[in-house]
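Colleague: Take a look and give me a structure for this.
(one chain, ligands or ions: 1)
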Amino acid sequence: MSATIISGSLIASKFREELKQRVKILSETWMQPGLAVILAGDNPASCVYVRNKAKTCEELGIRSEIFNFPGDISQKTLLQQIQDLNVNPEIHGILVQLPLPGHIRIDEVIAAIAIGKDVDGFHPCNVGALVTGHALFHPCTPFGVMKMLAEYDIPLQGQHAVIIGRSNIVGKPMALMLLEKGATVTVCTSRTRDLANHTRNADIVVMAAGKANLLTSDMIRTGATVIDVGINRLPDGRLCGDVEFSGVKEKAGYITPVPGGVGPMTIVMLMNNTIEAAERAKAVALAGGWHSSVQ
Ligand code: NAD
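Modeller: Down below sits the predicted model:
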């Protein structure tokens, strides 16, 4: 039996309608939410991602400002730009497009972003808060995966989730979010011995390795849920995930496609976080206004 396809494109378009309403309310009652995106260098994939983010902002009514720096930008200039954005009241979210040029100290750049504007959720304080289950912002890609699982009522409590990849932006936060929901979590890396031995025991497999066709049908249990975060470019130019889709979909219970799976959800979650940041800023501004009128 063929698996149910979890369409990220469909779920994302539903979310976009809800988000438009929240932007409308903010814009009519307070101000338009604003997202700043910092891009350093001309990495082609990064340029495409930044363009897509700006396009989605426009579609939802969010103001976006792109700061496009040359690849030889200094650490000091980058940090100064972030400081300016941190105190800009019209900017509610700040995103630094990764990867950054090799000479830039990424950790220092991420840590310079105001915690309340860290809509990617990569600031060490937000990562720490995620560990304790109190994140201010959830990193967008695993957050999108959680929404997809929820949309299809896929049970998590007591389920064995196996994540392939342990990056700071996907694998690790994914593990924390699934743990928080009561799943038993295994994280595998390129050093893991006998990967299939882990994936065959999984109720849910999340692929985030960046290796085309890494997961094949003999590596999963019948009926498993397979989430493919990977994005790989094949020699003929087509995009594919980390899952050998045609074989795995005949054995899995649920599966996400690439393209049209996790990708569209990631952008929508970024928009959600930006709107949430603006809603919080509004609440603070109104509370400040109330105090000053009382005094
Ligand atoms: P990364 O390179 O930082 O990390 C890859 C991880 O996979 C590492 O922990 C590595 O140990 C592990 N790995 C590599 N080969 C492996 C193997 N053979 N067996 C087991 N583990 C292996 O990558 P990342 O930034 O986490 O991204 C992973 C993939 O997800 C990439 O294809 C990336 O393009 C994609 N991605 C997609 C989205 C989206 O919105 N859909 C967002 C972010 C990343």
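
Colleague: Okay, buried residues for stretch 236-255 please.
Modeller: By 16 or more other CB atoms under 10 Å, the buried positions in stretch 236-255 come out as 240-245, 247-249, 251-255. To be clear about C-beta, it is placed using only N, CA and C from the backbone, and glycine gets the same treatment.

Colleague: got the residues you listed as JSON lines, with secondary structure columns?
Modeller: Listed next are those as JSON lines, based on DSSP: H, G, I helix; E, B strand; the rest coil:
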{"residue": "C240", "secondary structure": "strand"}
{"residue": "G241", "secondary structure": "coil"}
{"residue": "D242", "secondary structure": "coil"}
{"residue": "V243", "secondary structure": "strand"}
{"residue": "E244", "secondary structure": "coil"}
{"residue": "F245", "secondary structure": "helix"}
{"residue": "G247", "secondary structure": "helix"}
{"residue": "V248", "secondary structure": "helix"}
{"residue": "K249", "secondary structure": "coil"}
{"residue": "K251", "secondary structure": "coil"}
{"residue": "A252", "secondary structure": "coil"}
{"residue": "G253", "secondary structure": "coil"}
{"residue": "Y254", "secondary structure": "strand"}
{"residue": "I255", "secondary structure": "strand"}
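
Colleague: Now do the closest residue to the ligand within the stretch 1-150 of the chain: how many residues are near it, please.
Modeller: The minimum distance from the stretch 1-150 of the chain to the ligand, using CB to the nearest ligand atom, falls at T141 (4.1 Å). Neighbourhood size, T141 [other CB atoms under 10 Å]: 24.

Colleague: Which residue is the nearest non-sequential neighbour of it?
Modeller: Nearest in space to T141, with sequence neighbours left out and distances taken as CB to CB, 6 or more residues apart in numbering, is T266 at 4.7 Å.

Colleague: quick revisit: look at the residue of the stretch 1-150 of the chain closest to the ligand and tell me its secondary structure.
Modeller: Under three-state DSSP, T141 falls in the helix class.

Colleague: And A135, by the same measure?
Modeller: coil.

Colleague: what's the spacing between it and E276?
Modeller: A135 sits 11 Å away from E276, going by CB to CB, to the nearest Å.

Colleague: Repeat that for H160.
Modeller: Here H160 is placed at a distance of 31 Å from E276 (CB to CB).

Colleague: do T141 as well
Modeller: Taken as CB to CB, the span from T141 to E276 is 17 Å.

Colleague: any idea how far the nearest residue to S190 once chain neighbours are set aside is from T199?
Modeller: Nearest residue to S190, sequence neighbours excluded (CB to CB, 6+ apart): A209, at 7.4 Å. Per CB to CB, A209 is found 11 Å from T199.

Colleague: Quickly list what's touching both of the two.
Modeller: Common contact partners of A209 and T199 (CB atoms under 8 Å, 6 or more residues apart in numbering): I164.

Colleague: right, and N273 touches T141 too?
Modeller: No. Taking CB atoms under 8 Å as the definition, N273 is not a contact partner of T141, at 11.8 Å.

Colleague: who in the stretch 1-150 of the chain is up against the ligand?
Modeller: Counting by CB under 6 Å from any ligand atom, the residues of the stretch 1-150 of the chain close to the ligand are T141.

Colleague: can you rerun that using 8 Å?
Modeller: Taking CB under 8 Å from any ligand atom as the criterion, the stretch 1-150 of the chain approaches the ligand at residues C140, T141, G144.
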